[in-house]
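Asker: coords please:
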Amino acid sequence: MALKHCLSRVYQFSAAHRLHSPVLDQSRNTEVYGKCNNLYGHGHNYIVEVTVMGNPSDDTGMIIPLSELDQMVQSILASLNYKHLDNEVPFFKTTVSSGENIIRYLWQELNKKIPDSKLYHIKLWETNNNTFELGKEN
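Answerer: Numbers count the residues shown, from 1 in each chain. Predicted coordinates:
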């Protein structure tokens with residue numbers, strides 16, 4: 001059995017959104033999304049866990065220096081923090097801002113920044129009851 005080196009870091013951001021699909025009529029949007037379809041939106045304090053996997057560098061003993069990982073992740077989260085996702089983030093102007101799509105956006109953006117395909121897993125807490133995960137298969 002091969003061992004895998006992984007490093008996970010936890011981050012936070014706050015954002016508002018409205019769960020609403022333009023392909024559904026208002027009645028169906030209300031049925032599917034309930035109170036989360038409020039015209040003015042609602043907000044969350046999101047928690048994001050980012051996991052990278054790889055071999056530790058001989059020089060540093062780390063998969064990736066923590067300061068570098070923090071800088072890459074925080075640059076993406078800054079584009080979401082204190083924003084109304086549907087109104088201020090171009091990706092969500094055409095994509096429903098569900099937790100599943102927020103984590104997909106995070107994966108796409110982080111995968112562009114984290115070197116050598118080291119991004120392995122992301123977990124997003126929207127509430128204490130709602131979590132979303134996206135990662136590579138073993």
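
Asker: could you use CA atoms for every contact and neighbour count after this?
Answerer: Will do.

Asker: how about low-confidence regions in the chain?
Answerer: 1, 138 (pLDDT under 70).

Asker: which helix is the longest one in it?
Answerer: The longest helix of the chain (DSSP state H) is helix 99-113.

Asker: partners of the helix or strand just after that one, with directions?
Answerer: Scanning forward in sequence from helix 99-113 by DSSP states H and E, the next helix or strand is strand 119-125. Applying DSSP bridges to the sheet, strand 119-125 is found paired with strand 42-53 (antiparallel), strand 131-135 (antiparallel).

Asker: can you redo those as JSON lines with distance to R28?
Answerer: Formatted as JSON lines, these follow (distance: least, CA to CA, whole Å):
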{"stretch": "strand 42-53", "distance to R28": "19"}
{"stretch": "strand 131-135", "distance to R28": "24"}
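
Asker: can you put those strands in a markdown table and add mean neighbour count and distance to I102?
Answerer: Below are the strands paired with strand 119-125 laid out as a markdown table (neighbours: other CA atoms under 10 Å; distance: least, CA to CA, whole Å):
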| stretch | mean neighbour count | distance to I102 |
| --- | --- | --- |
| strand 42-53 | 18 | 10 |
| strand 131-135 | 16 | 9 |
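
Asker: rewinding a little: how far off centre is the longest helix of the chain?
Answerer: In terms of CA atoms, centre = their mean, to the nearest Å, the centre of helix 99-113 is found 5 Å from the chain centre.

Asker: ok, stretch 109-117 next?
Answerer: 13 Å.

Asker: ok, stretch 88-105 next?
Answerer: Relative to its chain's centre, stretch 88-105 lies at 9 Å (CA atoms, centre = their mean).

Asker: now swap in stretch 110-124 and tell me
Answerer: That offset, for stretch 110-124, works out to 11 Å (CA atoms, centre = their mean).
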